[in-house]
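**Q** please work out how this folds:
(2 chains)
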Amino acid sequence: MSLERRQFLKIMGTTAAGAGMLGAFRFLEKGEATQILGSGNPNQKWVFLVNTYNCVGCGMCVRACKLENEIPYNAPVSRTWVERYVELNSGKVLADSPMAARDGFTADNPMGKTVNPADITKAFFVPKLCNQCEKPPCVQNCPVGATFSTKEGIVLVDRTWCIGCGYCIMSCPYGVRFFHPVYHVAEKCTWCYHRITKGLKPACVFACPFGARQIGNPQDLNDPVTKTIATQRVAVLKDEYGTKPQVFYLGLDRIVR
Amino acid sequence: MSHVWRPLYVVLGIVAAILIARFFVVPPQFGVWERGYMYGWHNKAAETWWANFRVGYKGREYCKDCHPDNYNKIMASPHKIIECEDCHGPAIGHPDNPPKLEIIKSRLLCLRCHTKLPYPTSLRSQLPGFLNPDEHNPGIECVSCHDPHSPVLGGK
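**A** Numbers count the residues shown, from 1 in each chain, chains lettered A, B, ... in the order given. Now for the predicted structure:
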């Protein structure tokens, strides 16, 4: 087969253009990325501690979260919520969280039922929020890289980049993610990233009068939260999923889902 | 032979167009750091955006100078553990805009904590309150008798 001059030039041209294109495949390399993205503070990570014994179910945390983070107040979605668990002598468990407990629990009516106090074996409140997993399935699943972990371990969503496919919402074992009713993109708890990066407490921690919610730095061994997690009997939700959740609970029970 | 090559050129053209588009569309601060392609995605621009989100709740020290009465009263009462903004909403902009913060006089505000729920292992069962709030002055706002900033009647 003999190549004509014309054909040869065509092939060479295409190859050159193709090689040029390959450059566009390039991602930032690790060192390069660290340089541009910033290495963060290696001594700063975040961890959350929930003391369920102290939770009274007033819902001030949920109210504060919605107002702080501009989640439409009357929409039935929330970044954080409080669940009520009531176990009866019969073994039956009543669990509810009306309107994410935005208005607290003002009556003894779990799931709309009246219960006789004498029938209750145990009953308590469990605040829920994003676990900021060390191995976040939502980050792994995002087809467009719109959600990512910061160096301090907080998982954020890029609102300009999210395509609203909902994979992350499906993949979160804790049901923490939802569609933002206004922006129509995936929305999640950020542990108030804008507050903790300024040395403030997350809105829910700030709003809790009873210290049921606390945040700390696991890299700092003198941090009271880190000490509690290290020395007390704490548990995490759905450990078996292998997501390495970073919210630790005091007083968790098997009836908590 | 050219009829064989032509579809290939079309495909190459499309690939080229996509790559060129990608070059312009992907944000410059998007990349992958140490944790690799599974968990290591990162966009510095989005991180900065979230870090710059406005802070709504200010804390009670902010109220102190302008509302010293309320501040001093509540700090001397059993309600000192409750932040002002829990009841009055975030103070962002106040007093310029909004000039006044929300005041909730509903009984339901107080009953968030003062309906006694008989839940043995929860702190809730230890707060002062009423198993049946309808037996404690029903129909009257709590604040017409109790000052929320100093709720104990007859002193304190």
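**Q** run a quick neighbour tally on the nearest residue to B:Arg54 once chain neighbours are set aside.
**A** What sits nearest to B:Arg54 in space, not counting adjacent residues and going by CB to CB, 6 or more residues apart in numbering or on different chains, is B:Ile92, at 6.5 Å. Where you see a C-beta, it was placed from the backbone N, CA and C, and this is true even at glycine. Look at B:Ile92: counted by other CB atoms under 10 Å in any protein chain shown, it has 15 neighbours.
**Q** swap in B:His88?
**A** 18.
**Q** contacts only, for it.
**A** By CB atoms under 8 Å, 6 or more residues apart in numbering or on different chains, the contact set of B:His88 is B:101-104.
**Q** if any of those are buried, give me the ChimeraX selection for them.
**A** The ChimeraX command for the buried members of these (criterion: 16 or more other CB atoms under 10 Å in any protein chain shown) is given here:
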select /B:101
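**Q** nearest to B:Pro78, of the contacts of B:His88?
**A** Nearest to B:Pro78 among the contacts of B:His88 is B:Ile104, at 19.1 Å by CB to CB.
**Q** ok, the closest residue to that closest one other than its chain neighbours - contacts?
**A** The shortest distance from B:Ile104 to any non-neighbouring residue, by CB to CB, 6+ apart, is to B:Cys87 (6.3 Å). Shown in contact with B:Cys87 (CB under 8 Å, 6+ apart): B:104, B:109, B:148.
**Q** again with B:Pro128
**A** Counted by CB under 8 Å, 6+ apart, B:Pro128 has contacts B:114, B:116.
**Q** tell me how far it lies from chain A.
**A** Counting by CB to the nearest CB, to the nearest Å, the separation of B:Pro128 from chain A is 12 Å.
**Q** related to what we said a few turns ago, for the contacts of B:Cys87, give me JSON lines that also has pLDDT.
**A** Formatted as JSON lines, these follow (pLDDT from 0 to 100):
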{"residue": "B:Ile104", "pLDDT": "96"}
{"residue": "B:Leu109", "pLDDT": "97"}
{"residue": "B:Pro148", "pLDDT": "97"}
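**Q** where along the stretch 151-257 of chain A do the strands fall?
**A** Here the stretch 151-257 of chain A has its strands, by DSSP state E, counting those that start in this stretch, at A:155-157, A:178-179, A:186-187, A:213-216, A:234-235, A:247-250.
**Q** make a markdown table out of those strands and add distance to B:Leu127.
**A** Putting the strands of the stretch 151-257 of chain A into a markdown table (distance: least, CB to CB, whole Å) gives the following:
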| stretch | distance to B:Leu127 |
| --- | --- |
| strand A:155-157 | 35 |
| strand A:178-179 | 31 |
| strand A:186-187 | 33 |
| strand A:213-216 | 17 |
| strand A:234-235 | 25 |
| strand A:247-250 | 19 |
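**Q** as JSON lines, those strands with distance to chain B and mean neighbour count would be great.
**A** Shown next, in JSON lines, are these (distance: least, CB to the nearest CB, whole Å; neighbours: other CB atoms under 10 Å in any protein chain shown):
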{"stretch": "strand A:155-157", "distance to chain B": "5", "mean neighbour count": "24"}
{"stretch": "strand A:178-179", "distance to chain B": "17", "mean neighbour count": "17"}
{"stretch": "strand A:186-187", "distance to chain B": "12", "mean neighbour count": "24"}
{"stretch": "strand A:213-216", "distance to chain B": "13", "mean neighbour count": "21"}
{"stretch": "strand A:234-235", "distance to chain B": "15", "mean neighbour count": "15"}
{"stretch": "strand A:247-250", "distance to chain B": "11", "mean neighbour count": "21"}
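**Q** Serialize these to a markdown table and add fields for mean pLDDT and distance to A:Leu67.
**A** As requested, the strands of the stretch 151-257 of chain A are exported to a markdown table (pLDDT from 0 to 100; distance: least, CB to CB, whole Å):
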| stretch | mean pLDDT | distance to A:Leu67 |
| --- | --- | --- |
| strand A:155-157 | 97 | 20 |
| strand A:178-179 | 97 | 17 |
| strand A:186-187 | 97 | 15 |
| strand A:213-216 | 97 | 16 |
| strand A:234-235 | 96 | 30 |
| strand A:247-250 | 97 | 22 |
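**Q** within its sheet, name the partner strands of the helix or strand of chain B with the lowest mean pLDDT and how each one runs.
**A** Every helix and strand of chain B was ranked by mean pLDDT, DSSP states H and E. The lowest is strand B:30-32, at a mean of 85. Here strand B:30-32 is paired, per DSSP bridges, with strand B:41-43 (antiparallel).
**Q** got a pLDDT number for the residue nearest the centre of chain A?
**A** Geometric centre of chain A, nearest residue: A:Cys130, 2.5 Å, by CA atoms, centre = their mean. A:Cys130 is assigned a pLDDT of 98 by the prediction.
**Q** for chain B, see how far away the closest residue to it other than its chain neighbours is.
**A** Leaving aside its sequence neighbours, A:Cys130 sits nearest to A:Cys189 (CB to CB, 6+ apart; 3.6 Å). Remark: distance between A:Cys189 and chain B (CB to the nearest CB) = 12 Å.
**Q** what about A:Gly91, how many residues nearby?
**A** 8.
**Q** ok, it to chain B distance?
**A** For A:Gly91, the distance to chain B equals 16 Å [CB to the nearest CB].
**Q** return the backbone torsion pair for A:Val236.
**A** Per-residue torsions, A:Val236: phi -120, psi 160 (degrees, to the nearest 10).
**Q** so what's the nearest residue to it once chain neighbours are set aside up against?
**A** Counting by CB to CB, 6+ apart, A:Pro245 is the residue found nearest to A:Val236 once chain neighbours are left out, at 4.7 Å. Under the criterion of CB under 8 Å, 6+ apart, the neighbours of A:Pro245 are A:131-134, A:174, A:236-239.
**Q** any chance of the residues you listed in TSV, with neighbour count and distance to A:Ala123 too?
**A** Shown next, in TSV, are those (neighbours: other CB atoms under 10 Å in any protein chain shown; distance: CB to CB, whole Å):
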residue	neighbour count	distance to A:Ala123
A:Asn131	24	24
A:Gln132	27	28
A:Cys133	27	29
A:Glu134	15	32
A:Tyr174	20	22
A:Val236	16	22
A:Leu237	19	19
A:Lys238	14	22
A:Asp239	10	24
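**Q** nothing else from me, thank you.
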